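Visitor: Quick one: sequence and predicted model below, then my questions.
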Amino acid sequence: MYKPLEKYAVIGNCRSLALVGEDGSIDFCCLPDFDSGAYFCALLDQKKGGFWKIAPSHGHYQSYQRYKKSVISKETGVLHETNILKTVFFNQHGNVVVTDLMPISRQEDEKNTIPKYGLKIIRKIKAVRGWHMMKMSIKVTPDFARKKPTITQELPCVQFQHGDQILSLNLPKGAELTLVGDILEVELRVNEGEEVFFALSLFEKRAQCSSFTHKELHAIAAETEKYWEWWISKCTYKGSYRPMVERSALTLKLLTYRPTGAIIAAGTTSLPEKIGGWFNWDYRYSWLRDSAFTTYAFISLGYLDETRRFMKWLETVCTRTDSMPQIMYGIRGEQNLPEQELSHLEGYRKSSPVRIGNEAVDQKQFDIFGEVLSSIRLYVEEGGVLDDSMQAFVVKFVNYCCKHWSEKDAGIWEGRGGYKHHTYSKLMCWVGIDHGIHLAKHYKLNADVLHWAKEKEAIRKDILENGYNKEIGAFVDTYGSSVIDASSLVIPSVGFLPADDPRVLSTLNHVMEKLLVDWFVLRTSNEQDEIKKGEGAFFLSSFWLIDIFSALGRCDEAGIWLKRIVDSATPVGLYAEEMDPYSKTQLGNFPQAFTHLALINSVLAYEQSKKYGDKSKKASLLDRLNRATKMYKLKKISRELNPVARFFEH
């Protein structure tokens with residue numbers, strides 16, 4: 001039986017990740033990288049897919065999960081979470097804890113040396129009270145169960161070989177293996193106070209496979225814990241939502257691909273937006289939109305290194321050719337992401353097809369102009385420096401926006417039913433040109449700024465004329481339609497209109513009337529699309545609603561709504577892409593960067609609204625970032641080396 005997503009937690013090493021169930025089973029893990037083939041994919045087919053489970057073998061146990069906490073500052077005594085997971089099994093006789101982590105160190109992060117091969121996962125069993133019979137079960141199904149491994153035993157390891165890779169399982173001393181079909185099992189007694197380690201490594205076929213002693217694994221686990229303590233200690237946010245903001249920051253960090261600086265949209269593929277539907281996509285790639293918004297969250301919390309690394313990746317993918325950037329790339333900057341359907345897998349809860357790759361890479365989505373240029377401007381605002389190639393890219397990018405903004409595109413929701421004139425896309429083109437003008441003036445770029453300004457005004461008039469439906473009194477999803485779209489809620493935050501503009505307020509009323517189900521906001525009111533009936537509500541849409549309440553100074557409503565959405569997280573504080581507003585189960589790929597970054601941004605907007613009151617009605621993203629700088633004493637990116645960064649004013 002498939003577990004609900006709420007029963008999973010995630011571990012990772014900024015190169016790959018694993019989903020660990022509340023029952024102690026790792027049901028999804030791609031190695032060595034996010035976009036590699038999965039060695040464990042029971043999440044996508046509970047019969048054919050592999051897993052790695054450690055749990056009590058006898059007796060009735062309850063279980064729950066939590067992330068390990070540490071006291072980083074003895075002065076404050078505040079506990080901060082890490083990305084080290086603990087699954088606790090307990091009954092009337094005692095309790096036993098399985099601790100899971102993927103090794104990483106501060107040195108590896110700072111010097112960008114997280115290894116492609118070597119030790120990948122450490123699992124420790126500790127009997128806290130009483131003794132317990134434990135069973136380790138592992139089924140390895142390489143490349144999404146498209147290949148079968150050759151199994152050999154070289155104590156203290158069991159090796160699973162396929163192609164040019166070897167997955168090596170490090171066993172504790174004295175462990176006895178049993179083969180049950182294609183599942184390897186080890187059963188052992190763990191006495192009170194005793195610790196037992198299992199470890200999984202990945203090697204190239206020609207390399208020497210290493211094993212690890214109990215002492216070595218203990219030391220590596222301790223180093224990983226120190227790393228996460230150090231990383232979360234850099235978070236500058238100290239407000240009342242600290243636990244959830246820190247958990248979201250830790251999750252976003254797990255979704256960064258350290259070798260290049262890319263940020264993936266989510267850690268999985270093909271988790272459905274609707275159970276039984278076919279809206280199942282591969283999110284293990286880097287969308288410019290999602291990544292750009294993530295940099296805002298990182299900057300707001302003081303994580304400037306992650307921002308610099310993403311900007312370097314952005315420069316790499318955007319300036320290497322004369323062609324315009326795509327909407328998304330592979331984590332190494334791949335431009336081609338051919339989409340395949342894995343028909344041999346039944347899909348999560350029998351929601352097929354399972355897909356790898358994503359053909360949306362070829363779509364036109366003009367909103368990326370606004371998001372990319374926003375992230376560049378935010379980066380410079382915080383002290384970042386653009387080299388000559390990036391300055392030239394800004395000019396080229398804005399020129400392209402001016403030339404193509406009037407064309408149709410696929411829109412933010414990546415519809416595959418044909419291109420249309422999407423209001424949100426036009427809005428973000430306006431935003432992109434606005435930021436481009438600021439950058440050009442103060443960097444003295446060789447650009448036709450007067451032409452840009454004329455195009456910006458033309459977009460504004462076009463949106464107000466065609467994107468606002470005067471008959472119903474609301475901004476709509478596409479020109480000429482009457483469909484309400486949640487993306488219209490961002491109009492105040494990007495500075496297009498103030499939050500208290502009558503047209504914004506009227507649109508808000510339509511959203512409240514037509515898109516709300518319980519406390520959750522649907523993407524659109526489009527009931528013509530029969531396939532999407534029953535699809536979940538995007539968490540992102542709900543956070544947009546919170547943002548507009550905050551901008552209006554309606555802090556009581558924003559606070560209540562924020563608490564409701566925060567309370568909808570999984571028990572360990574994670575979010576997928578959507579929530580089924582009726583069953584209250586999470587849907588879509590997991591964990592989702594967009595949701596976690598939106599939580600961070602909404603918390604900041606809410607707390608700033610309480611502090612600044614009516615001044616929030618005309619506050620843009622840059623205004624909010626400057627306020628966060630004051631409220632949480634953020635550091636700048638070498639501001640003294642970049643006097644250009646001081647020029648930004650509205």
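Guide: Looks like it arrived, so ask away.

Visitor: For the closest residue to residue 101 other than its chain neighbours, report the pLDDT, please.
Guide: The shortest distance from residue 101 to any non-neighbouring residue, by C-beta to C-beta, 6 or more residues apart in numbering, is to residue 84 (4.6 Å). (C-beta placed from N, C-alpha, C; glycine too.) Among the per-residue scores, residue 84 shows a pLDDT of 98.

Visitor: Outline the domain layout of this protein.
Guide: Here the domain assignment for the chain is 9-211, 233-633, based on automatic domain parsing.

Visitor: Now mean neighbour count too, for the ones you listed, in a markdown table please.
Guide: Below are those laid out as a markdown table (neighbours: other C-beta atoms under 10 Å):
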| stretch | mean neighbour count |
| --- | --- |
| domain 9-211 | 19 |
| domain 233-633 | 20 |
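
Visitor: Reformat the ones you listed into JSON lines and put distance to residue 221 next to each item.
Guide: Output for the domains of the chain, formatted as JSON lines (distance: least, C-beta to C-beta, whole Å):
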{"stretch": "domain 9-211", "distance to residue 221": "6"}
{"stretch": "domain 233-633", "distance to residue 221": "17"}
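
Visitor: ok, which stretches of the stretch 251-400 of the chain are helices?
Guide: In the stretch 251-400 of the chain, the segments counted as helices under DSSP state H, counting those that start in this stretch are 288-300, 304-319, 368-381, 388-404.

Visitor: likewise the stretch 51-200 of the chain?
Guide: According to DSSP H, counting those that start in this stretch, the helices that the stretch 51-200 of the chain contains are 106-110, 142-145.

Visitor: would TSV of those with distance to residue 93 and mean pLDDT be doable?
Guide: Below are the helices of the stretch 51-200 of the chain laid out as TSV (distance: least, C-beta to C-beta, whole Å; pLDDT from 0 to 100):
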stretch	distance to residue 93	mean pLDDT
helix 106-110	40	97
helix 142-145	37	98
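
Visitor: Tell me which of those helices lies nearest to residue 3.
Guide: Nearest to residue 3, of all those, is helix 142-145, at 18.2 Å by C-beta to C-beta.

Visitor: and the closest one, what other elements does it pack with?
Guide: When contacts are defined as 3 or more C-beta pairs under 8 Å, 6 or more residues apart in numbering; DSSP states H and E, helix 142-145 sits against strand 38-40, strand 157-162.

Visitor: Can you convert the helices of the stretch 251-400 of the chain into a markdown table and add a column each for mean pLDDT?
Guide: Formatted as a markdown table, these follow (pLDDT from 0 to 100):
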| stretch | mean pLDDT |
| --- | --- |
| helix 288-300 | 93 |
| helix 304-319 | 91 |
| helix 368-381 | 92 |
| helix 388-404 | 93 |
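
Visitor: And those: which comes nearest residue 548?
Guide: The closest of the helices of the stretch 251-400 of the chain to residue 548 is helix 288-300. By C-beta to C-beta, the value is 16.5 Å.

Visitor: closest one to residue 218 among the domains of the chain?
Guide: Across the domains of the chain, residue 218 has its closest neighbour in domain 9-211 (7.5 Å, C-beta to C-beta).

Visitor: Please compute how far the closest one lies from its chain's middle.
Guide: 22 Å (C-alpha atoms, centre = their mean, to the nearest Å).

Visitor: Now do the end-to-end distance for it.
Guide: In domain 9-211, first residue to last residue: 27 Å (C-alpha to C-alpha, to the nearest Å).

Visitor: Leaving out chain neighbours, which residue sits closest to residue 548?
Guide: In space, and not counting its chain neighbours, residue 548 is closest to residue 489: 5.1 Å by C-beta to C-beta, 6+ apart.

Visitor: picking that back up, just put the helices of the stretch 251-400 of the chain in a markdown table and tack on distance to residue 94.
Guide: A markdown table is the format used below for the helices of the stretch 251-400 of the chain (distance: least, C-beta to C-beta, whole Å):
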| stretch | distance to residue 94 |
| --- | --- |
| helix 288-300 | 41 |
| helix 304-319 | 41 |
| helix 368-381 | 51 |
| helix 388-404 | 59 |
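
Visitor: closest to residue 438 out of these?
Guide: Proximity to residue 438 (C-beta to C-beta) singles out helix 368-381 among those, at 6.4 Å.

Visitor: Now do that closest one against helix 388-404: the angle between them, please.
Guide: 150 degrees (axes from the mean of the first three to the mean of the last three C-alpha atoms, to 10 degrees).

Visitor: picking up where we left off before, nearest to residue 425, out of the helices of the stretch 51-200 of the chain?
Guide: Nearest of the helices of the stretch 51-200 of the chain (C-beta to C-beta): helix 142-145, 34.0 Å.

Visitor: Quick one: residues in contact with that closest one.
Guide: Defining contact as C-beta atoms under 8 Å, 6 or more residues apart in numbering, one finds that helix 142-145 is touched by 37-39, 41, 44-45, 48-50, 148-149, 160, 162-163, 165, 167, 342, 344-345, 354, 356.

Visitor: Poorly predicted segments of this protein, please.
Guide: Filtered on pLDDT under 70, the chain yields the residue ranges 73-76, 527-534, 614-650.

Visitor: Please enumerate the strands of the stretch 451-600 of the chain.
Guide: 468-469, 474-475, 516-517, 520-521, 537-538, 578-579, 586-587 (DSSP state E, counting those that start in this stretch).

Visitor: what's the nearest residue to residue 485 if we skip its chain neighbours?
Guide: Using C-beta to C-beta, 6+ apart and skipping residues adjacent in sequence, the residue nearest residue 485 is residue 477, 3.5 Å away.

Visitor: before we move on, what about residue 29?
Guide: residue 18 (3.9 Å).

Visitor: Who's the closest spatial neighbour of the residue of the chain most remote from its centre, skipping the chain neighbours?
Guide: Within the chain, residue 174 marks the point farthest from the mean C-alpha position, 40.7 Å out by C-alpha atoms, centre = their mean. Leaving aside its sequence neighbours, residue 174 sits nearest to residue 188 (C-beta to C-beta, 6+ apart; 7.8 Å).
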